[in-house]
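Novice: what would the 3D arrangement of this be:
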Amino acid sequence: MKRNIIILFAIIFSIASVAQAQKTDTTKSAPAQNLPTVREVLDKYVKAVGGRAAIEKIKSRTLTGTVEITPMNLKGTFEAYSAPEGKSYSKTVLTGVGELLEGTDGKTAWVVNPFQGNREKTGAELTQSKLINDFYRDLKLEKLFPKTELKGIEKVGEKDAYVITATAEGVPTETWYFDAKSGLMLRSDVTAIAPEGNQPISFFFEDYRPVDGLMVAHRVRNQMPSFVLTITVSEIKHGLPIDEAKFARPKQ
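Specialist: Numbering: from 1, shown residues only. Just a heads-up that it's a prediction; the model follows:
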């Protein structure tokens, strides 16, 4: 369980990027000529989220909510802050476990938790952290992931979804599932990098609601091999000033 709890941090950060969610049931074939291009799918996604102008208008994001881990019956609260230039900070408090902190100032990234103490991320783990925490990630997916490929159509729950694989140098390939009808991202499969070993995670993004002109997922289910982490967002605020000190690594 120690290893799995540590990977919680990357999941919390992914919420601030506004994105993804639900499990593949069956693959549905479709004639290649009927499929859109990767660019068309990503452009539709940006439009579905709210459009480039609405996304660029946002200069900071603050989230609060709750977390629950099943079947271990662990519950807690979280708060997360993010800003341009890849800056991000989150604090999760789990009953019976304690505080789990993670942050980045855009250049360095760190974690503080009861299991590892105060640790700085390096190598591929740092690279993945920067990709996750890019504040305008939704507008830069093709730039951040130079190699993308539309694989076809699959079911995510009851919805048809376009499936795109995306690769960036030095980190495992991600797989994205976009609602063929609405354009919103329904699911994202990621291999989380951690010192204890890499672990596959499927993010299921649900309960999209409008906030300041953007469609934001208010529930994110994170399916892992041994447990499910459900994050429920209770409040989202944009444009609030954030103390830069939050993003700095705490002193030893």
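Novice: got a pLDDT number for the residue nearest to Thr70 when sequence neighbours are not counted?
Specialist: Nearest residue to Thr70, sequence neighbours excluded (Cβ to Cβ, 6 or more residues apart in numbering): Val228, at 5.2 Å. Backbone N, C-alpha and C define where each C-beta goes, glycine included. At Val228, the model reports a pLDDT of 94.
Novice: per-residue confidence for the residue nearest to Thr127 when sequence neighbours are not counted?
Specialist: Excluding its sequence neighbours, the residue lying closest to Thr127 (Cβ to Cβ, 6+ apart) is Gly170, at 4.8 Å. Looking at Gly170, its pLDDT is 95.
Novice: number of residues surrounding Gly170?
Specialist: 12 (other Cβ atoms under 10 Å).
Novice: where's it relative to Lys237, distance?
Specialist: Here the distance between Gly170 and Lys237 works out to 34 Å (Cβ to Cβ, to the nearest Å).
Novice: same question for Arg137.
Specialist: 19 Å.
Novice: tell me which of these two has more neighbours.
Specialist: Arg137 (20 against 13).
Novice: that one contacts Lys130, correct?
Specialist: No - using Cβ atoms under 8 Å, Arg137 is not in contact with Lys130; the gap is 10.1 Å.
Novice: in this structure, which spans are strands?
Specialist: Secondary structure of the chain (DSSP state E): strands at 24-28, 61-70, 74-83, 87-94, 98-105, 109-113, 117-120, 147-156, 159-167, 174-179, 185-192, 199-211, 214-223, 228-238.
Novice: quick one: which of the ones you listed is nearest Arg52?
Specialist: Ranking the strands of the chain by proximity to Arg52 (Cβ to Cβ) places strand 214-223 first, at 11.3 Å.
Novice: show me where pLDDT drops low in this structure?
Specialist: For the chain, the stretches flagged by pLDDT under 70 are 1-33, 252.
Novice: re earlier: the residue nearest to Thr70: what's it in contact with?
Specialist: Ile69, Thr70, Arg221, Asn222 (Cβ atoms under 8 Å, 6 or more residues apart in numbering).
Novice: filter those residues to the buried ones?
Specialist: The neighbour count (16 or more other Cβ atoms under 10 Å) marks Ile69, Arg221, Asn222 as buried among those.
Novice: ok, now how distant is the second one from Asp207?
Specialist: If I follow you right, that is Arg221. Distance, Arg221 to Asp207, using Cβ to Cβ: 10 Å.
Novice: cool, and Thr173?
Specialist: Using Cβ to Cβ, we find Thr173 at a distance of 27 Å from Asp207.
Novice: higher neighbour count, these two?
Specialist: Thr173 (15 against 12).
Novice: excluding sequence neighbours, find me the nearest residue to that one.
Specialist: Residue nearest to Thr173 in three dimensions, not counting chain neighbours: Thr167, with 4.6 Å by Cβ to Cβ, 6+ apart.
Novice: which one is Lys159 nearest to, not counting chain neighbours?
Specialist: Asp179 (5.4 Å).
Novice: wait, the one you found sits on Arg187?
Specialist: No - Asp179 is beyond contact range of Arg187, at 9.7 Å (criterion: Cβ under 8 Å).
Novice: neighbour count: these two, which is higher?
Specialist: A direct count of neighbours by other Cβ under 10 Å for Asp179 and Arg187 places Arg187 higher, at 28 against 20.
Novice: quick check: that one touching Phe204?
Specialist: Yes - between Arg187 and Phe204 there is a contact at 5.5 Å, judged by Cβ under 8 Å.
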